[in-house]
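Student: return a 3D structure for these sequence lines:
(chains A, B, C and D)
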Amino acid sequence: MSAISLSLPTRLSRLRGANNEGVLALVLLALIVGMSIANPVFFTLPTAFSILRSSIVPLIFALGVLMVIISGGIDVSFAAIAVFAAYTTVQMHQNGAPDLGLVAAFLLALLIGASLGAINGFLIARFRLSTLIVTLGTQGIFKGALLTYVGSRYVADLPDSMAAVSTTNLFAVDTASGGAYLHILVVPAVLMAVGLAWVLRYTMFGRSIYAIGGDVEAARRAGIRVVRTQMVVYVIAGTMAAVGGMIYVIMERSASPQILVGSELDIIAAVVLGGASIFGGRGSVLGTTLGVLLVQVIFNSLILAGVPSAWQRTAVGLLLILGVGIQAITSRKSSRAKVMDETIQKQEVPA
Amino acid sequence: MKLTDPRLEPLSRMNDSVESGWSRALALVRIEGGVRRMLILLAVAFVIFAALRPSIFLSGTNLRNIALNSPEIGVLAIAMMLAMLTGGIDLSLVAMANLSAITMATLFTAMAANDPGQAEQMFPVIVLAGVAVGVLGGAINGLLISGLGITPILATLGTMQIFNGIAVAWTGGKTLYGSPEVLTGIGASTLGGVPTLFCLFVLVAVAIGVVINRTPLGLRIQLQGANPTAALYSGIASRKILMSTYLMTGLLSGIAGVFFIARNPTASADYGASYVLLVIVIAVLGGTNPNGGFATVFGVVLATLTLEIVSSGFTALRLSSYQYAIAQGLILVAAMAAEQIKWRRRRNRKPVLQPT
Amino acid sequence: MTSIAHDKPTQPLLEVRNIVKTFGGVTALSGVTLDLLPGEVLCLAGENGCGKSTLIKIISGAEKPDSGEIIVDGISHSSMDTTNAIKNGIQVIYQDFSLFPNLTVAENIVLTSAVASRRHTYSQRAARPAAQAIVEELGLKLDLDADVEQLSVADKQLTAICRALVSDARILIMDEPTTALTHTEVERLFIIVERLRARGVGLIFVSHKLDEVLKISQRVAILRSGKNVVTDLASTLTPRTIALHMTGLELDESRNISELPPESGVVLELDRMSLEGAYQDVSFTLRRGEILGVTGLLGSGRTEIAESLFGVVPHESGIIKIDGSPVRIHSISDAIKAGIGYVPEDRLTQGLFMDKSIADNIIAGSPDEHATRLRMLDLRAVRETIQALFARLRVKAPNVQAPVRSLSGGNAQRVVLAKWLARRPRILMLNGPTVGVDIGSKAEILGILRAEAAEGMGIIIISDDAPELVACCHRVLVVRNGRVVDILEGDDVAIDTIREKVAA
Amino acid sequence: MKLLRTSAFLALGVSAVLMTGCGSVNDGAAASGASDGAKASDMTMVTVVKLKGIAWFDRMDEGVLAYGKRAGIDTRTEGGDDVSPEKQIKIIQDLIAQKPTAITVVPNSPEAVANVLAQAKAKGIITVAHEATGIENVDIDIEAFDNAVYGEKIMKSLGTCTESKGEYVQFVGGLTAKTHMEWVGAAYDYQKSNFPDMKRVEDPIESTDNEAAAYQKAKEILAKHPNIKGFQGSAGNDVPGIARAVEEAGKTKDICVMGTSIPSAANKYLATGGIDKIFFWDPALAGEAQLEIARILATGGKIEVGTDLGIKGYNSLKKLDGYDNVFLGDASIEADAESAKQYDF
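Tutor: Residues are numbered from 1 along each chain as shown, chains lettered A, B, ... in the order given. Predicted structure coming up:
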């Protein structure tokens, strides 16, 4: 370290990003290169679009989880909320309600998601309960209530307004290796990512989330309305989960109360992989997006890479550990470098 | 380390206020918050179901089945509690337990193919091998977490996939059949009416309780979880502590694997998948602070039994598993909320220390 | 209780009248009355537990009083809430700073006022100049883009001060603002305080450093056991009388050191210990039974030397000898094995397990010393150690099972001390041992250190509290720019000499 | 050190067990037995399914309830809220305490529930299984068909569709799903001996019975093997997911997609040609068949080769070679776009 001039490490650390995004991007790049070498088919537009498509729903979930994690909590109930909102919406149509149209259907789902999120928020903010406990509890409650009181049937046919979106593509390109289609629903996912990034960075609400995640007591003393902010965080997280659920259902072209639940840990892993601190206060939309992409590339490239299916679960685990391990080692090195920087800085204080 | 010993002498040379404080503390500490809550919950659940369906719920078969079902979940929940005690989490517990069970089934089958009698005699070796596999898995987790510094949730999510994947590749997805008679015998036997497995579970719980509360290692684990920085400055080698903790969770998984196979002479890669979240629920319900530093084994044992009782009771009442899922969530949230309200009230009452 | 005579009667900025606050039957404040005039510094003095913190919390809206009123600009409030307090121009700099560790310095400075303004959007670009301005106005050197987490304690404190000042506070409450500042930084703060007074800001100043108190404040209000004892002009008080009012005890800050027997050997010897970027060629010796002071400006390398000796950031070259034989200290456990103990600067995060019991904290550093041969805790030995130290250090707590969080600063520091004494190290280093500790406790802690030294322990005190160094150190090392520039001995160990050498 | 102590504890416990005279968890089994000529109204029968709340087992529930009404027996289904052997074990255990006349089970893992079924038998409860060839400790295992024959049947159709040539891939719900593995195994064997020009280009692929996963993996397959001609699915969600990928690739005409599914999930894709043919059996009838067998056993009857359960597809039971208690119906159904419409599940 000492041999290199100071500016280089500084520049490098800028590249690395506040939450190690740079390293993650490199890992992702390395994985893509590796996969492309293993099978050139990987490096084609159809594959890229396909991975993007498969990232839509996980990204939306991850954004909600990111917000919760920054605020110092954790959410394992989002999948249950997503299914609840989406399935109930579809089921209402199934039970004879008229086709509401896409916008109204979405609004209904969002309302349900927001209400369920509000339940989480209320329990967490009012009773100051551990977020893990609350969302573990509500996860069971939501899923149980859905299957007990709403219905359990598989719905094969969505309302026409929703079904119409199912097969709409943003663009379709014919390439040598087959048609490449970018699904229209990439758009809301990207919009939500950009929107959340803006909210987190440029609104008082966003900064309050970071502040609360950094130190709740300090936030309270600074006059931040902690209870209200937490409520809003969980309401928004619930709403985003509902969007994710609706999009999932639309892309699946069918609805069932059994979908999605079980994917929680993968999403949380992607967010933490993206540099969010599990203890709160840190995390970025960029990092989360990279984390989601990395996980999706891992999930969706093993057949192409020729990993025998018996070994695919192991391969997913190994790649995950590898990605996380590289992250961990580099961030540890950088923190060591920081100690050095600090001492140098102190040294420069004039007497 | 907790000074809960009731024989504890009051500080003789302390002034009066300190002395009365001692007795107050002892009264409080003897049954700690989490444990007391669980005792009440357990009693309430038991009474409700016993009153509603006495003939089914109070039958020997049902009670024995509750005792028979608890050990494997309970041991895993205790392991989860240990990981949480250091502020971590271990998602790979079930995968390790399955690997352990698969190891035992494979070993036994291989030995029995040559000489069935000898395979029976080698039963301790087989069990040790199974437990060793658990410990090995724990060592890998420990290495990733303490050595490389990977966040526990990510490390164990990864190893969960790896261990599970190895199990799938190893068995080709099939369920293996085969276990020493002695082991199956233990699984089916009772001691004074109580299933032997349950007795073993209690032994394990007591052992872990002793480790946590009565050994230097246990004290260090608690402190490491309570404040890693202060632990560092107190000379607690966090790497060693984390390593030991995850070795222990691995060991407990190995034991859970033995329980699996003792109960049911089969081993497969996908047994117990639903336990992963369940043991987290049990651990926190039992009073474990997921942020580390605080947990009691007794509370976790009680939480295990409570959930088993409620679930059996629900089947007895012919309620569906989804209604049980609702109940489980409500119990978790309500119990914690009640505790929190009580705790806050108590804190508001806490006297300000007066200078003398 | 005399009301002071002013040239003309001005309306007080803040009045509190007959505030009563009880916690579950225990009275914290019983009818406290206070007023603060524009442009004055009112010092609030009193021992820990006298009700100062509660009073501050009530004024800032963090707690509600049982009865009494808070009058701001002539308008009476029965209680405050945090937002209202900020709106009324009341700002508090808490002892624990209440900063956001995950945010940058600039953001920490600006965020609170942005919250109070109830705007909805936030612009980093607009925020930074505001932060920059206040930092420059105070003449500070703060990296605005650094995460607060990575700052030293002093820089954190400066950040907290900047934050309070940026939002045009008219009533500024500073809870122990100088504890982590060096002498020059304190001087700078006082200049700022003067500037604020000129603007008509009223300041309530809480400090344990009585000489500072008298220097900066116009009036002093002293609380004892939740009651007003005395409110008087600063010019009529001396440290002695203040201490007397606070504690009812005579204060003794005179030099009191034991005679080192000539045969007492060298326990620690450093020979040209260096760590690039932190300190160079540090050489000194410490004798058994000696109390050695280490002082210097913040960033001079004094803390780094201690942390290297304790293995936190290992040294790169040079030799460390303990009892004459060279030792390798590359980690904290090396240091502990070699018989070194360290009471760190940041007590709350580095020294204590706040939610764990006093007993657990006391035993935290020495579980192995209390183990039986079977690697079980020897409960009897544990109990004896804890009881002995609890009693000897006179920790004021209902019982040893109480969580450390419930203790005051002085009692918490005793617990950290107890943790090391339970191990009986050969060398004990203490970084800022009496920072944030009330006078009574301070004297007691120094007394304990003297007693330990008398029994043969080598003690190093890292501090910039000159009176404290004079009171108990045999010799004082002055560190500047990473080098030991002076070793003061005998009569040179005097407050003025130390300050002069440090600032040189 | 602590490891040692813990293991010492364990060893102690184990030896304690070995030394004391042990009891057994099956003690006190009041083997009431199935008394001949029991009255239907006194009987309770419970069907334990793999998972509650999915279309397949909702349909089985319909059959179970319909049968109960018809026969005057108290019947119901129970099941976990996810697919796990451990939850089934727990449910069966809980049921044993209620002493129903019969427990019928569609096990997630036949091996795993065998032990607890032994407990039920010891208490005199009649046990019947479905979709569990080779399961131990049941009185009768009733299969809708011979798994091997079923797998061959799918391959026969697939081979015909692809004109006996080209590359193909098989999907299974899980590599641990026994019946799925049997189907694809039999199909593979049949292909090797009857369609030598066809080629399986991947080991069976795991969809985790998740439509989205099946879709993703099918897309990967399409990218990796552009000349793929056929897909065989095993879990109900496999073929819909595969069909979606095939449709998007615009290859519905070139690629044959066949396999197990249910009409409600497949209809949409059968209509577009994304799925060419589905294979299944009616879970309602399977549910009824299990209960009817239990009733026959409870009233002292016997199940033999040729027994007629009076339920469509189970009119003349066959016995599976190599097993004492496995009986086969002839209940498999294959359906194309037209014929699938008549089923409402």
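Student: just the strands from the stretch 401-504 of chain C, written as ranges.
Tutor: C:427-431, C:458-462, C:475-480, C:483-489 (DSSP state E, counting those that start in this stretch).
Student: does the third one come close to chain A?
Tutor: By that I understand strand C:475-480. Yes. Using C-beta under 8 Å from any C-beta of the partner chain, we find that strand C:475-480 touches chain A at residue C:480. (Each C-beta comes from the backbone N, C-alpha and C, glycine too.)
Student: does the residue of chain C most remote from its centre count as helix, strand or coil?
Tutor: Using C-alpha atoms, centre = their mean, the residue of chain C lying farthest from its centre is residue C:374. It sits 41.5 Å away. Following DSSP: H, G, I helix; E, B strand; the rest coil, residue C:374 is assigned to coil.
Student: what about it, distance to chain B?
Tutor: 9 Å (C-beta to the nearest C-beta, to the nearest Å).
Student: residue C:19 now?
Tutor: Taking C-beta to the nearest C-beta, one finds residue C:19 at 14 Å from chain B.
Student: next: residue C:451.
Tutor: Residue C:451 is 17 Å from chain B, by C-beta to the nearest C-beta.
Student: again with residue C:320
Tutor: 17 Å.
Student: how far is stretch C:20-35 from where the chain is centred?
Tutor: 25 Å (C-alpha atoms, centre = their mean, to the nearest Å).
Student: cool, and stretch C:301-317?
Tutor: 22 Å.
Student: and it, end to end?
Tutor: One end of stretch C:301-317 to the other measures 15 Å (C-alpha to C-alpha, to the nearest Å).
Student: stretch C:135-148 too?
Tutor: Terminal-residue distance, stretch C:135-148 (C-alpha to C-alpha): 15 Å.
Student: what comes up buried for that stretch?
Tutor: By 16 or more other C-beta atoms under 10 Å in any protein chain shown, the buried positions in stretch C:135-148 come out as C:135, C:138, C:140, C:142, C:144, C:146-148.
Student: what's the farthest-apart pair in those?
Tutor: C:138 and C:147 (20.5 Å; C-beta to C-beta).
Student: low-confidence ranges in the chain?
Tutor: No chain in the question, so chain A it is. Across chain A, the ranges flagged by pLDDT under 70 are A:1-19, A:176-178, A:332-351.
Student: ah, no, chain D please
Tutor: Using pLDDT under 70, the flagged stretches of chain D are D:1-38.
Student: now do the helix or strand where residue D:60 lies: which elements does it pack against?
Tutor: If you go by DSSP states H and E, residue D:60 is part of helix D:55-71. Contact analysis of helix D:55-71 by 3 or more C-beta pairs under 8 Å, 6 or more residues apart in numbering or on different chains; DSSP states H and E lists strand D:44-49, strand D:74-79, helix D:283-298 as its packing neighbours.
Student: list phi and psi for the most centrally placed residue in chain A.
Tutor: Nearest residue to the geometric centre of chain A (C-alpha atoms, centre = their mean): residue A:62, 1.1 Å. Main-chain torsions, residue A:62, degrees, to the nearest 10: phi -60, psi -40.
Student: starting at the chain centroid, how far to stretch A:207-225?
Tutor: Distance, centroid of stretch A:207-225 to centroid of chain: 23 Å (C-alpha atoms, centre = their mean).
Student: anything in it near chain C?
Tutor: Yes. Looking at stretch A:207-225 against chain C by C-beta under 8 Å from any C-beta, the contacts come from A:207-208, A:210-211, A:213-215, A:217-225.
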